[in-house]
Each structure stands twice: as structure tokens, then as C-alpha cells.
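Peer 1: just coords:
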Ligand code: NAD
Ligand code: ADE
């Protein structure tokens with residue numbers, strides 16, 4: 001898998017994707033998506049003349065979807081060069097990747113973007129693709145060159161840079177809880193190869209890197225750990241915790257794409273069944289609402305008393321998995337934590353219960369523990385849908401091998417909600433280009449002004465009429481007429 005195209009490299013456009021002939025299908029979808037992504041299209045209009053990203057080399061790691069295509073073409077229209085890889089081995093849409101490479105015209109089009117990723121990468125291929133995203137030497141006569149900024153989803157590219165510098169300096173890797181031994185081995189091998197070619201590659205990359213923006217909750221949690229350990233090497237803009245990201249994409253996006261993934265994978269009726277949602281954060285809230293909306297009876301588990309109280313006030317039963325495991329038809333993980341469903345639970349689950357993870361990493365369902373049950377065997381029902389037959393004769397249906405199933409079994413969140421997330425990303429990259437040199441090496445929130453701007457850009461398309469404050473009212477509640485309207489401590 002992953003065919004390099006000689007014609008493209010002759011045009012100094014590098015890429016490694018599944019099938020370039022899918023470009024036309026991808027382009028049709030991208031064109032439709034643009035109409036559903038008003039925030040990104042408004043950013044193009046606002047900034048195309050001033051080209052705030054001129055000279056920027058952005059290494060992007062996101063699920064390579066149609067929505068991501070609209071984002072990266074927005075970055076390019078503002079002057080940036082982009083190299084793109086996928087943040088998950090199963091989350092690419094091959095037609096979107098092909099359309100990006102071809103650009104708006106042909107393979108020879110200078111608008112083509114360098115893409116490294118396809119649906120169904122191995123772990124080794126995944127890391128090689130991330131490494132290629134960071135390697136801009138083909139733009140520098142083969143001499144070492146890195147990006148000016150990174151746009152990441154989950155933190156793996158940012159971690160690779162940190163690991164690379166650590167390895168070049170000490171010969172060791174930083175501790176990293178999210179990776180298993182295989183992942184460590186693959187990364188170490190990659191860094192050994194890199195070091196033997198250029199022992200200062202990552203050091204020079206860090207020196208020339210302005211900063212990064214990070215898309216998701218798990219990525220932010222990992223970067224905050226680096227910051228706590230005083231190991232964060234450059235400023236990072238926290239896109240996830242923009243209100244117009246986490247309170248929209250994480251909640252309303254998954255409310256759409258969870259059901260999409262379940263239906264495409266199984267077509268099992270949801271109404272009347274029992275759904276167990278582990279975690280009642282932003283994503284858990286969207287999942288619970290989606291399952292309840294289909295008529296399921298929803299049980300939530302939480303470790304946080306505040307979220308547990310929210311769940312019960314929203315009308316859901318709150319219970320520990322151990323108390324209800326035999327009753328459940330759909331098991332859904334949304335915690336960003338590991339080992340939520342384990343072997344002692346698998347053996348108690350109903351025949352043909354469906355297991356679906358939508359958290360960033362694949363360790364919420366203990367797939368290693370499942371495979372290790374003596375006598376168990378897996379049957380592929382169709383791509384990314386497996387029936388695991390237990391020695392008892394009962395079986396479990398596991399989606400996307402335990403990885404994010406709304407992207408593995410479906411195509412992720414719809415365009416409109418991704419427009420809000422990705423408008424924050426575009427504004428974050430502009431902020432890095434204009435102000436990044438002055439930012440401290442910490443994780444920074446998106447400004448309230450930009451957060452409200454992103455919301456405004458999406459109101460017209462939905463036919464929303466906003467009320468305007470009078471001068472007197474503005475003075476009375478102590479806010480400017482044009483906003484921002486809420487203090488930073490306000491929780492929405
Ligand atoms: P969050 O922090 O708001 O919610 C996670 C919740 O899980 C928290 O309330 C936490 O208390 C709870 N939790 C932690 N350990 C638990 C355990 N052992 N049992 C039960 N509950 C537990 O995070 P979020 O924004 O909801 O994101 C959740 C995950 O989804 C992250 O990995 C994030 O990166 C990912 N994400 C996925 C998508 C997608 O499209 N699939 C989109 C956005 C975010
Ligand atoms: N994460 C969730 N849905 C997505 C999408 N459609 N594109 C990119 N990343 C996503």
C-alpha cells in the first residue's frame with residue numbers, strides 16, 4: 001500500500017497515498033463540503049490578500065478527510081506550504097488524499113499538497129508517514145529542513161519531535177504512557193535511522209520551529225504533562241479547549257458520527273437496547289444523547305462526581321461497569337483513559353454485544369487482553385468489523401480494532417461542525433506565524449475574541465439572528481457591545 005507517483009516527484013511533489021485515481025471523487029466531495037464550512041471559507045476571504053502564512057511550512061497530522069482537505073487548502077490559500085499525514089491508521093479517506101495531491105487541476109498543478117497517508121496503515125507505516133511530514137529537505141536541495149509550525153491531532157508529531165531531540169541528546173526516549181512496546185520499538189528504530197543520517201536533525205528542527213497547534217483532548221493532556229515536567233520545547237496553541245471546538249465538535253460532532261459508524265458497521269437496531277457510555281465529558285455527553293435519541297436506554301459510568309451528577313440530572317442511569325455488564329448491547333468508550341473494558345468484562349458480556357471506542361487512542365478497550373483469552377478467535381465480518389468468538393461460544397463485535405470507530409467505520413464528524421474546529425486551527429496557525437516568536441513555551445488557550453469570532457462566522461449559515469446590546473445594557477453587565485461577552489472563568 002502507499003504508491004509514490006514518479007510523475008509527481010518529477011514535479012518535486014512528494015506523496016504516498018493509496019490511489020491517485022480517486023482524486024475526482026474526492027474533489028466533488030471537497031467542493032460540496034466547502035459550502036458547509038462557512039468559517040473556513042470566510043477566513044480565506046478575509047486573509048487571502050494579506051497572505052499571513054506566506055513563508056510558513058506547516059507539518060499537519062490530522063485524519064485525512066474531506067473536512068481536513070478544506071482546512072489544508074485554506075492554509076495554502078493564505079500562503080502556507082503543507083505536508084500532511086494521518087493521525088490515525090484507519091481514519092483516512094483515500095479519495096480526499098488523492099484530491100489534495102492532484103490539487104484543483106492535474107498532478108502537475110502547483111496547488112497539489114504533499115500527502116503521506118492512507119486507510120489501513122501499519123504502525124511502522126504510520127510513523128514513517130509522520131516522519132515524512134516533518135522532513136522538508138526536498139524543499140531544500142536535500143539538506144535538513146523542518147517545518148516552521150506543526151498542526152497536530154493527538155500529539156504524536158509533537159511527541160516525535162520531543163523524542164527526536166531527546167534521542168539525539170541522550171540516546172534515550174522520554175517516558176510515554178500512551179505507546180505500547182511495539183510503538184516504542186518502531187519510534188526508536190526510526191530515530192536511530194534519522195540520527196545515523198543527521199545527528200542534529202531534530203535539534204535544528206526545534207531551533208527553527210515557531211510552535212504548534214493541537215486539536216484534541218488527549219493531545220492537550222499529553223502536552224500539559226510535558227509542560228508540567230518542564231520538557232515542552234515550544235509554544236502550543238490549545239485548539240481543543242476553544243469553546244467553539246470542544247463544546248461543539250466533541251459533543252455535537254460525535255452525536256452525528258457515532259451513529260453513522262454504528263450503522264455503517266453493523267446496521268443493528270439501537271432503539272430499545274441498552275447502551276453503556278464510559279465517560280461523561282464532552283464526547284460522552286454527545287454519545288449518550290445520540291444513543292438516547294435513537295431510543296436506547298443509556299447507562300453512563302464516570303469517575304468524576306461532577307460529570308456523574310450531570311449524567312444523572314440529564315436522565316441517565318449512572319453505574320459501574322461491573323454492576324451492569326450483562327445487560328448491555330452497545331459498549332462505548334469516550335474516556336481518553338486506558339483499560340476501560342478488560343478480559344474480566346469480556347467474558348461476562350452478552351452474545352454479539354458491540355464494542356466501539358471513540359477516544360483518541362486504541363487502549364480504552366483492552367484488545368491485547370481480548371486476543372489473549374485462551375481459545376478466542378477473530379473472524380473478519382467486513383473491513384474493520386470483527387466478530388471475536390469466545391470459548392463459551394458467545395461472541396463480541398469489535399469495531400475498528402478498538403480504534404476511533406467514527407472515523408474508522410464512517411467518515412468522522414460532518415463538515416459544519418469541523419468548520420468551527422478548523423477555523424480555530426486556521427486562526428491558531430495565523431497567530432503562531434504572527435506572534436509565535438513572543439509566546440512562552442507553554443500550552444496557550446485561543447483568545448475569547450477569536451472563539452466568539454468563530455461562532456459568529458457560523459451563525460449566518462444557520463439563519464440565526466443575534467441580539468445586539470444597547471450601550472446602556474452593555475454598561476450594566478460590564479461588557480463591550482462587540483464582545484467578548486464572558487469572563488474566562490465562565491463554563492458555558
Ligand atoms: P473529557 O475529559 O471531557 O471527558 C472524558 C471523561 O472520561 C471525563 O469526564 C473523565 O472523568 C472520564 N473518565 C476518565 N477515566 C474514566 C474511567 N476509568 N471510567 C469512566 N470515566 C472515566 O474528554 P473529551 O473531550 O470528552 O474526549 C474524550 C476522548 O475522545 C479523548 O481521547 C479525545 O481526544 C477524544 N475525541 C475523539 C473525537 C472523535 O472524533 N472520535 C473527537 C473529539 C475528542
Ligand atoms: N475528527 C473527527 N471528525 C473528523 C473529520 N471529519 N475530519 C478530521 N478530523 C476529525
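Peer 2: Perfect, thanks for sending it. Everything numeric in this text was worked out from a predicted model, so none of it was measured. Residues are numbered from 1 along each chain as shown. Ligands and ions are numbered 1, 2, ... in the order given.
Peer 1: now do the phi/psi pair for the closest residue to residue 325 other than its chain neighbours.
Peer 2: Nearest residue to residue 325, sequence neighbours excluded (C-beta to C-beta, 6 or more residues apart in numbering): residue 348, at 4.8 Å. In this view, the C-beta of every residue, glycine as well, is placed from N, C-alpha and C. Main-chain torsions, residue 348, degrees, to the nearest 10: phi -100, psi -10.
Peer 1: any idea of the pLDDT on residue 389?
Peer 2: pLDDT for residue 389: 98.
Peer 1: ok, back up a step: how many residues are close by the residue nearest to residue 325?
Peer 2: 14 (other C-beta atoms under 10 Å).
Peer 1: gap between it and residue 323?
Peer 2: Per C-beta to C-beta, to the nearest Å, residue 348 is found 11 Å from residue 323.
Peer 1: in the stretch 351-492 of the chain, what residue is nearest ligand 2?
Peer 2: As assessed by C-beta to the nearest ligand atom, ligand 2 sits closest to residue 412 within the stretch 351-492 of the chain, at 2.8 Å.
Peer 1: what pLDDT does the model give that residue?
Peer 2: Here, the pLDDT recorded for residue 412 equals 98.
Peer 1: for the residue of the stretch 51-200 of the chain found nearest ligand 1, what are phi and psi?
Peer 2: Closest contact between the stretch 51-200 of the chain and ligand 1, by C-beta to the nearest ligand atom, is at residue 154 (6.8 Å). Here is the backbone geometry of residue 154 (degrees, to the nearest 10): phi 110, psi -20.
Peer 1: so, low pLDDT: which residues of the stretch 151-300 of the chain?
Peer 2: Within the stretch 151-300 of the chain, no stretch has pLDDT under 70.
Peer 1: residues from it in reach of ligand 1?
Peer 2: Within the stretch 151-300 of the chain, the residues that sit near ligand 1 (C-beta under 6 Å from any ligand atom) are 216-218, 246, 249-250, 254, 278-284.
Peer 1: buried subset of these?
Peer 2: 216-218, 246, 249-250, 254, 278-284 (16 or more other C-beta atoms under 10 Å).
Peer 1: in CSV: those, plus secondary structure.
Peer 2: What follows is those, written out as CSV (DSSP: H, G, I helix; E, B strand; the rest coil):
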residue, secondary structure
216, coil
217, helix
218, helix
246, helix
249, helix
250, helix
254, helix
278, strand
279, coil
280, coil
281, coil
282, helix
283, helix
284, helix
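Peer 1: circling back: can you give me every residue that contacts the residue of the stretch 51-200 of the chain closest to ligand 1?
Peer 2: Listed by C-beta atoms under 8 Å, 6 or more residues apart in numbering, the contact set of residue 154 reads 61, 87, 88, 215, 216, 218, 219, 222, 360, 361.
Peer 1: quick one: the third one from ligand 2, how far?
Peer 2: Residue 88 sits 9 Å away from ligand 2 when distances are taken as C-beta to the nearest ligand atom, to the nearest Å.
Peer 1: over to the fourth one?
Peer 2: Residue 215 sits 7 Å away from ligand 2, taking C-beta to the nearest ligand atom as the criterion.
Peer 1: and residue 150, backbone torsions?
Peer 2: Main-chain torsions, residue 150, degrees, to the nearest 10: phi -120, psi 140.
Peer 1: residue 342 and residue 368 touch, don't they?
Peer 2: No. Counting by C-beta atoms under 8 Å, residue 342 stays clear of residue 368, with 10.2 Å between them.
Peer 1: got the end-to-end distance for stretch 15-26?
Peer 2: For stretch 15-26, the separation between the terminal residues is 16 Å (C-alpha to C-alpha, to the nearest Å).
Peer 1: show me which residues of it are buried.
Peer 2: In stretch 15-26, counting by 16+ other C-beta under 10 Å, buried: 15, 16, 17, 18, 20, 22, 23, 25, 26.
Peer 1: any idea how far the closest residue to the third one other than its chain neighbours is from residue 423?
Peer 2: The one in question is residue 17. Using C-beta to C-beta, 6+ apart and skipping residues adjacent in sequence, the residue nearest residue 17 is residue 97, 4.3 Å away. Separation of residue 97 from residue 423 (C-beta to C-beta): 22 Å.
Peer 1: more crowded one of the two?
Peer 2: It is residue 97, of residue 97 and residue 423, that has more neighbours when counted by other C-beta under 10 Å, with 32 against 29.
Peer 1: quick one: that one from residue 184, how far?
Peer 2: 28 Å.
Peer 1: same thing with residue 387?
Peer 2: With distances taken as C-beta to C-beta, residue 387 is found 31 Å from residue 184.
Peer 1: do residue 141 as well
Peer 2: 34 Å.
Peer 1: more crowded one of these two?
Peer 2: In this view residue 141 and residue 184 are compared by other C-beta under 10 Å, and residue 184 has more residues nearby, 13 against 7.
Peer 1: ok, the more buried one - contacts?
Peer 2: By C-beta under 8 Å, 6+ apart, the contact list for residue 184 reads 173, 176.
Peer 1: likewise residue 100?
Peer 2: Contacts of residue 100 by C-beta under 8 Å, 6+ apart are 26, 64, 69, 72, 73, 84, 112, 113, 115.
Peer 1: try it again with 10 Å
Peer 2: Shown in contact with residue 100 (C-beta atoms under 10 Å, 6 or more residues apart in numbering): 15, 17, 23, 26-27, 30, 64, 66, 68-69, 72-73, 76, 82, 84, 111-115.
Peer 1: show me which of the residues you listed neighbour ligand 2.
Peer 2: Contacts with ligand 2 are made by residue 68 out of the contacts of residue 100, judged by C-beta under 6 Å from any ligand atom.
Peer 1: which among the contacts of residue 100 count as buried?
Peer 2: For these, a neighbour count by 16+ other C-beta under 10 Å gives the buried set as 15, 17, 23, 26-27, 30, 64, 66, 68-69, 72-73, 76, 82, 84, 112-115.
Peer 1: which members of those residues occur in strands, if any?
Peer 2: Of these, the ones assigned to strands by DSSP state E are 82, 84, 114, 115.
Peer 1: tell me the one of those nearest ligand 2?
Peer 2: Checking those against ligand 2 by C-beta to the nearest ligand atom gives residue 84 as the nearest, at 11.2 Å.
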